[in-house]
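In: Below are the sequence and a predicted model for it; my questions follow.
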Amino acid sequence: MPDKDQVIKAVRAAFERERRINLHRYPVRMGFADGVLTLEGEMENVAAKKLGMELAIAVPGVRGIVDRLHVAPATHMGDGAILDAVRDALLQEPALQSCTIRVKHKGKVETVRESPVGSSWRH
């Protein structure tokens, strides 16, 4: 079985050869013990993450992977922007047109749309 340094070097080399994985912009920390490779960090997108996992498991000696990789968000948003985006998505969802939509922000509940058939929900 290859040793820790050989496996990590082989995985890093496979990542470096793949043009869709950018280790300089998105560094990945690696650990290896008992045949299990641990990958930690951020990948540019879902495709890069999936490709990285496929390349890593193909390295001789890697029997399993602990996946601690995250996909970089397309845009960084604060809590308020996330609340607005989720609220707007719920309001636009056709399956929820007959539902009351409420948001809770900083402890205050606000009704953004009341159900046309009424609601018995109390806060």
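Out: Arrived safely.

In: How is the protein divided into domains?
Out: Partitioning the chain according to automatic domain parsing yields domains covering residues 4-71, 79-113.

In: Quick one: distance of the longest one to the chain centre.
Out: Centroid separation for domain 4-71 versus its chain: 16 Å, with CA atoms, centre = their mean, to the nearest Å.

In: For it, measure first residue to last.
Out: Using CA to CA, to the nearest Å, the end-to-end distance of domain 4-71 comes out at 26 Å.

In: Give the rounded mean pLDDT of that domain.
Out: Domain 4-71 shows a mean pLDDT of 96.

In: quick revisit: pick the most deeply packed of the domains of the chain.
Out: domain 4-71 (a mean of 15; mean count of other CB atoms under 10 Å). Using the backbone N, CA and C atoms, a C-beta is placed for each residue, glycine as well.

In: Please identify which helix or strand holds Val62.
Out: Using DSSP states H and E, Val62 sits within no helix or strand.

In: Tell me where the chain has strands.
Out: In the chain, the segments counted as strands under DSSP state E are 28-33, 36-43, 64-71, 101-105, 108-113.

In: which outside residues touch the third one?
Out: In other words, strand 64-71. By CB atoms under 8 Å, 6 or more residues apart in numbering, the residues outside strand 64-71 that reach it are 28, 35-46, 49, 52-53, 56-57.

In: Kindly recompute the last result at 7 Å.
Out: 28, 35-43, 45-46, 49, 52-53, 56-57 (CB atoms under 7 Å, 6 or more residues apart in numbering).

In: circling back to that earlier point, adding distance to Asp79, write the strands of the chain out as CSV.
Out: Formatted as CSV, those follow (distance: least, CB to CB, whole Å):
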stretch, distance to Asp79
strand 28-33, 28
strand 36-43, 20
strand 64-71, 18
strand 101-105, 9
strand 108-113, 14
